[in-house]
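Novice: Need a 3D model of the following:
(2 chains)
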Amino acid sequence: MHGVNRMKILKQAVEDEVAAALAGAGVEGELANLLGPATVEEHGDLAVPCHSLAPILKRSPVDIAELITSELAPALSGIAEVSAVSGFVNIKAEPAWLATSLSELLLDERLGVSTENPRVAAVDYSSPNVAKEMHVGHLRSTVIGDAIVRMLIHKGHTVYRENHVGDWGTPFGMLIEHLLDLGEDNAADELGMGDLDGFYKQARAKFNTDEMFVERARNRVVMLQGGDDETLRLWRVLVDESMRYFNEVYSMLGVLLTNDDIMGESNYHHLLPEVVSRLDNLGILEDSDGAKVVYPGGWVNREGEPLPLIIQKADGGYNYATTDLACIIDRVERLGCNDLLYVVGTPQSQHFKMVFEVAKQAGLMDKSHIANHIKFGSVLDSDGKILKSREGEAIKLVDLLNESVVRAEQTIAQRNPSIEGEQRIEIAKAIGIGAVKYADLSTERTKDYIFDWDRMLSFEGNTSPYLQYAYARICSIFRRSKVHTPLRDVSPIIIEHAEEALLARRLVNFSSMVDEALYTYSPHRLCTYLHSVASAFASFYENCPVLSAEDDEIRMSRLALCDLTARTLSTGLSLLGIDCPEQM
RNA sequence: GGGCGCGUAGCAUAGCCUGGAUAAUGCACCGGCCUCCUAAGCCGGGGACCGCGGGUUCGAAUCCUGCCGCGUCCGCCA
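Specialist: Below is the predicted model of the structure:
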């Protein structure tokens, strides 16, 4: 079945009558729960497959469907047409019902999207490393995490954005020493300019070849962890300059993250001994060659021995599992979170499963807490390999975004030369950045996807430019119409043509598709839906003249359809973090 | 070796959780449509033994199971 035609609104409107009709035929209880979305759009919106009833009622599915249909059809008059086809009862929304539903949506600023009992959620996403370049690997986490945050907020939840920046650990000895070698000012300039790659590589190169440097780096790590003031000050310079640069990327990308959302690894430092003592007090901490570990059970290593989660290394240092447990303590106990969401790549799946398991065993989370690893696949090139630059290095995220904007600008210059200057640049940003984000959001997130400029920037297919184009066309209609939007009270809405009906039945589904996308943390479901709306609108646009409609009533009705479509597209895209320009 | 995930037209993807009717969408391909609201579009057409084999079911792309292929992870990096 095509996932966009779920018609939950219609289901709510008819389910009592359907249950009554089934009861009339002698079907009750679990078995009566057969009403679902139709799989073939031409047959209807909803269907009751009667095949499983045959052995109980001792009649053929065809007979049963006809019996129920004759019962149900009069009851649903004015709401939906009911017909029996080869053992299915098909229910298809009537134009009058669609019209009424659209009138209600038109009055509702939220387009039918309800707010829920508020939960408190921490969303852990983006997580770049200080003094290291952001690359496409960070793109997915940042874009998907941001869309989920926006949907959660829209549904009325309290959301803590948690940017778990890599700002601590042994590499910082090396980085600080390199900072000193360059001179603070020079180094800060280099980092502030966004040349993070160069800085990190120079430091790494020295570390690999210069023994004196290695010694200095080691000492510096000790000083950093010992809380030496001057070392901490230098560390702060690295962090601040990197964050300045990351914020530029976030701004270019149009995500919600700000400095307030930074919760780097260093913030949990004080909780690490606490993690150890809590685990120790529970008696689940064990010694393994001097390291302190927990065996959550259920995992084995290559040799078939139990696989531990390492809490404290033999040298006394901590590693990431400990920090992740400290995060859980912080989010549960300080922030009062119900939901802990981690937008992190699939390769870390086992790590999170183990961490969550240990957190449960240690009582850091109870039944009221839901920890969820929102995993995602890799970005591949056209050969199916991890996307890299020509030189075989990770592609800088800024380069990628800039190229997308440049490509978009070239297309605008070519297609619509009347748009010039600053306006063209602004529109190019919306299209170029939107295309990259949409390409990332529109595929099922757990799968890898293939990065392809031509496809994502195409104005055809399931792309953001196609959706933005539909929106821009509607804006153009309203500019010419001299009618002010948003329209609120339009009556009657007239659903006569097939194209009007198709658009209407898609628009009615917005709220349930938002719910479904959020419930499964799957922004791509919202994308698929929005594309179906834009596609239905394009057919409507070709076949149903708006401004030159036969009469004023139809003209207003069609303007209302346009307005609802525009609001659905712009609200939907904004939930994904994508802008829609009024012209393109 | 073990864990996890993936395999759907030439290509790229939905659909799988929650089993239903002719497997959907886009690109590419073929054929139509601009004195008319943005043709960056629309309409029509061809193209798939849903990796392979078993099982459950009235019914399987969907659930279970075995195999094949690919990816990924498997103790002191994050």
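Novice: closest point of chain A to RNA strand B, which residue?
Specialist: A:G461 (2.0 Å; CB to the nearest atom of the strand). All C-beta atoms are positioned from the backbone trio N, CA, C, and that covers glycine.
Novice: how much space between that residue and A:A439?
Specialist: Here A:G461 is placed at a distance of 11 Å from A:A439 (CB to CB, to the nearest Å).
Novice: more crowded one of those two?
Specialist: A:A439 (25 against 12; other CB atoms under 10 Å).
Novice: what residues are up against that one?
Specialist: Residues near A:A439 by CB atoms under 8 Å, 6 or more residues apart in numbering: A:Y449, A:F451, A:D452, A:R455, A:M456, A:T463, A:S464.
Novice: Get me the contact residues on the stretch 101-250 of chain A for RNA strand B.
Specialist: Within the stretch 101-250 of chain A, the positions lying close to RNA strand B (CB under 7 Å from any atom of the strand) are A:G166, A:G169, A:T170.
Novice: so what pLDDT did the last one get?
Specialist: In this prediction, A:T170 carries a pLDDT score of 85.
Novice: Now do the shared contacts for A:G461 and A:A439.
Specialist: Common neighbours of A:G461 and A:A439 are listed as A:R455 (criterion: CB under 8 Å, 6+ apart).
Novice: which of the residues of the stretch 101-250 of chain A next to RNA strand B are buried?
Specialist: Neighbour-count burial (16 or more other CB atoms under 10 Å) applied to these gives A:G166, A:G169.
Novice: from the residues of the stretch 101-250 of chain A next to RNA strand B, which ones fall inside strands?
Specialist: Within these, no residue falls in strands by DSSP state E.
Novice: Closest one of the residues of the stretch 101-250 of chain A next to RNA strand B to A:H270?
Specialist: Nearest to A:H270 among these, counting by CB to CB, is A:G169 at 16.0 Å.
Novice: Using the three-state scheme, assign A:T115.
Specialist: coil (DSSP: H, G, I helix; E, B strand; the rest coil).
Novice: what does the one 3 residues further on give?
Specialist: Taken by three-state DSSP, the conformation at A:P118 corresponds to coil.
Novice: what's near enough to touch it?
Specialist: A:P118 neighbours (CB under 8 Å, 6+ apart): A:G156, A:H157, A:T158.
Novice: The last one touches A:N117, doesn't it?
Specialist: No - under the criterion of CB atoms under 8 Å, A:T158 makes no contact with A:N117, lying 11.4 Å away.
Novice: Who has more neighbours out of the two?
Specialist: More crowded of A:T158 and A:N117, by other CB under 10 Å: A:T158, with 15 against 7.
Novice: Give me the nearest residue to the more buried one, chain neighbours excluded.
Specialist: Leaving aside its sequence neighbours, A:T158 sits nearest to A:V120 (CB to CB, 6 or more residues apart in numbering; 4.6 Å).
Novice: Pretty sure that neighbour sits against A:L340.
Specialist: No - contact criterion CB under 8 Å: A:V120 and A:L340 do not qualify, at 10.0 Å.
Novice: between those two, which one's more packed in?
Specialist: Ranked by neighbour count (other CB under 10 Å), A:V120 and A:L340 place A:L340 first, with 25 against 17.
Novice: hang on, the more buried one in a helix?
Specialist: No - applying three-state DSSP, one finds A:L340 to be strand, outside a helix.
Novice: Bridged to it, which residues?
Specialist: Taking DSSP bridges as the rule, A:L340 bridges to A:A122, A:A371.
Novice: Now do the same contact list for it.
Specialist: By CB under 8 Å, 6+ apart, A:L340 lies in contact with A:A121, A:A122, A:D124, A:I328, A:R331, A:V332, A:M365, A:H369, A:I370, A:A371, A:N372.
Novice: residue boundaries of the helices in the stretch 101-250 of chain A?
Specialist: A:136-154, A:171-182, A:184-192, A:196-209, A:211-225, A:229-253 (DSSP state H, counting those that start in this stretch).
Novice: Could you quantify the relative orientation of the longest one and helix A:211-225 as an angle?
Specialist: Going by axes from the mean of the first three to the mean of the last three CA atoms, to 10 degrees, helix A:229-253 is angled at 90 degrees with respect to helix A:211-225.
Novice: who touches helix A:229-253?
Specialist: Defining contact as CB under 8 Å, 6+ apart, one finds that helix A:229-253 is touched by A:126, A:128, A:130-131, A:134, A:142-143, A:165, A:167, A:172, A:175-176, A:179-180, A:184, A:187-188, A:191-194, A:196, A:220, A:223-224, A:257-259, A:262, A:264, A:397-398, A:401, A:433, A:437.
Novice: Past it, which element shows up next along the chain?
Specialist: Moving toward the C-terminus from helix A:229-253, the next helix or strand (DSSP states H and E) is helix A:272-281.
Novice: Mind exporting the C-alpha coordinates of that following helix to PDB?
Specialist: The C-alpha trace of helix A:272-281 is given here as PDB (Å, rounded to 0.1, in the frame of the first residue of the first chain):
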ATOM      1  CA  LEU A 272      32.900   9.900  36.100                       C
ATOM      2  CA  PRO A 273      34.000   8.900  39.600                       C
ATOM      3  CA  GLU A 274      30.400   8.900  40.500                       C
ATOM      4  CA  VAL A 275      29.600   6.400  37.800                       C
ATOM      5  CA  VAL A 276      32.400   4.100  39.100                       C
ATOM      6  CA  SER A 277      31.200   4.300  42.700                       C
ATOM      7  CA  ARG A 278      27.600   3.700  41.800                       C
ATOM      8  CA  LEU A 279      28.400   0.600  39.800                       C
ATOM      9  CA  ASP A 280      30.800  -0.500  42.500                       C
ATOM     10  CA  ASN A 281      28.200   0.000  45.300                       C
END
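Novice: returning to what we had before: need the helices of the stretch 101-250 of chain A in JSON lines with mean neighbour count and distance to A:D108, can you?
Specialist: Listed next are these as JSON lines, based on neighbours: other CB atoms under 10 Å; distance: least, CB to CB, whole Å:
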{"stretch": "helix A:136-154", "mean neighbour count": "23", "distance to A:D108": "14"}
{"stretch": "helix A:171-182", "mean neighbour count": "22", "distance to A:D108": "52"}
{"stretch": "helix A:184-192", "mean neighbour count": "16", "distance to A:D108": "47"}
{"stretch": "helix A:196-209", "mean neighbour count": "16", "distance to A:D108": "46"}
{"stretch": "helix A:211-225", "mean neighbour count": "16", "distance to A:D108": "55"}
{"stretch": "helix A:229-253", "mean neighbour count": "18", "distance to A:D108": "31"}
